[in-house]
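Chemist: got a sequence here, can you build the structure:
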Amino acid sequence: MTNDSLDLDHLARRWLGKATPELVEQERRVLSRMAHRKPVSQDVNAAFKSDLTFGERLSDRVARLGGSWGFISSFGLFLLVWAILNLTLGRHAFDPYPFIFLNLLLSMLAAIQAPIIMMSQNRQATKDRLDASHDYEVNLKAEIEIMALHEKLHQMRDSQIQTLITKQLEQIDLLTTLLRKNGVSNERPLGQA
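Modeler: Predicted coordinates for the structure are as follows:
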């Protein structure tokens, strides 16, 4: 067993109450980073964005555009112009009422846009899971650091109390010595001569 694995096992038992084999990967990673005094936090957005392919970035842009008020209002305006134009042209309309060609275009748009938006939502869900996992690691490290600070404060308090007790015992010994020098017996209370 290496020294690092011994330290990790010691930290796992001390702070998490578990043996090293019982740790999940996140706990092991946090303890390892703590043992080596490395930060746990990272920019999850940058790491996630750097792994996206061209198609994934494109689908995110399409989903962002398709879910905007600008798209909805401009598309509504397009539909209104289409309907007014075809109604005013009457028999010469390129898509007479009930606008069958428009329905075909809308169906094709929906058939293409829906899976693209779903892909974007799936990626967002994956990113949210990464964010939650990272938040757990940061919170776990913060919790362990707080426990370590509490332990250090308790040690400092215990050390100070021990120092005070030692000084009090020294003072009591000094007072006892002074009282003996002045002929005062140990059996009489201090206030009586």
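
Chemist: show me the shaky parts of this structure.
Modeler: 1-6, 184-193 (pLDDT under 70).

Chemist: please name the residues that touch the residue nearest to the spatial centre of it.
Modeler: Computing the C-alpha centroid of the chain and ranking residues by Cα atoms, centre = their mean puts residue 135 first, at 1.1 Å. With Cβ atoms under 8 Å, 6 or more residues apart in numbering as the criterion, no residue contacts residue 135. Quick note: C-beta positions are derived from backbone N, CA and C, even for glycine.

Chemist: and the lengthiest helix in the chain, how far from the chain's centre?
Modeler: Taking DSSP state H as the criterion, the chain has its longest helix at helix 100-181. Here the centre of helix 100-181 is set off from its chain's centre by 9 Å, with Cα atoms, centre = their mean, to the nearest Å.

Chemist: cool, stretch 26-46 as well?
Modeler: The answer for stretch 26-46 is 11 Å, by Cα atoms, centre = their mean.

Chemist: flag every buried residue along that stretch.
Modeler: 27, 30-32, 34, 40, 44 (16 or more other Cβ atoms under 10 Å).

Chemist: I'd like to know how many residues surround residue 163.
Modeler: A total of 10 residues lie near residue 163 under the criterion other Cβ atoms under 10 Å.

Chemist: typo on my end, residue 177
Modeler: By other Cβ under 10 Å, the residues close to residue 177 number 10.

Chemist: change the start of the numbering to 54 and stick with it
Modeler: Got it, first residue is 54 now, which makes that one residue 230.
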